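> Here you go, sequence then predicted model.
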Amino acid sequence: QVQLQESGPGLVKPSQTLSLTCTVSSGSIAIDYYWSWVRQPPGKGLEWIGDIAYSDSTYYSPSLKSRTSISRDTSKNQFTLQLSSVTPEDTAVYFCARSGVTAVLDWGQGTQVTVSS
């Protein structure tokens, strides 16, 4: 059973960069699958942010691509989300996940990030 755990600041100021790390246990991020970031703003549905594949290829939502970077540290079995120039509209619960080609297979528990001065 793969386990995923998000970590990072719960409060970010507008115009700053949001940075979250997902630590993965029981499975190497460099062998298979896509490793995803998804968010859910208050009162809204899930929004896919992007993936980093086992091959190190990255894929981003077109609406967020200009502000998003996903990277990984295979020695720590972690992958990281950076979202720049945040605004209050980026306030959401952020999830990391393990995904197959067509569906999410495992979810982290999620972490609340609030953008506020």
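Arrived safely.
> Please make it C-alpha for all contacts and neighbour counts, starting now.
Fine.
> Would you confirm that residue 59 contacts residue 50?
Yes - look at residue 59 against residue 50 with C-alpha atoms under 8 Å: they come within range, at 5.4 Å.
> quick one, which of those two is more surrounded?
residue 50 (23 against 17; other C-alpha atoms under 10 Å).
> What's the local residue count around the closest residue to residue 22 other than its chain neighbours?
Distance criterion C-alpha to C-alpha, 6 or more residues apart in numbering; nearest residue to residue 22, sequence neighbours excluded, is residue 6 at 4.4 Å. Applying other C-alpha under 10 Å, we find 23 residues neighbouring residue 6.
> Got phi/psi on residue 6?
In terms of degrees, to the nearest 10, the main-chain angles of residue 6 are phi -80, psi 150.
> What does the pLDDT read for the residue nearest in space to the middle of the chain?
In the chain, the residue lying closest to the centroid (C-alpha atoms, centre = their mean) is residue 37, at 2.8 Å. We have a pLDDT of 98 for residue 37.
> Would you mind confirming that residue 54 makes contact with residue 30?
Yes - using C-alpha under 8 Å, residue 54 is in contact with residue 30, at 4.4 Å.
> before we move on, back to that, what sits against the residue nearest to the centre of the chain?
48, 49, 50, 51, 81, 94, 95, 96, 97 (C-alpha atoms under 8 Å, 6 or more residues apart in numbering).
> now the strands: where do they sit in the chain?
For the chain, the strands defined by DSSP state E cover 3-7, 11-12, 18-25, 34-40, 47-53, 58-60, 68-73, 78-83, 92-99, 104-107, 111-115.
> circling back to that earlier point, identify the residues contacting the residue nearest to residue 22.
20, 21, 22, 23, 95, 96, 108, 109, 110, 111.
> how much space between the fourth one and residue 55?
According to C-alpha to C-alpha, to the nearest Å, residue 23 stands 18 Å off from residue 55.
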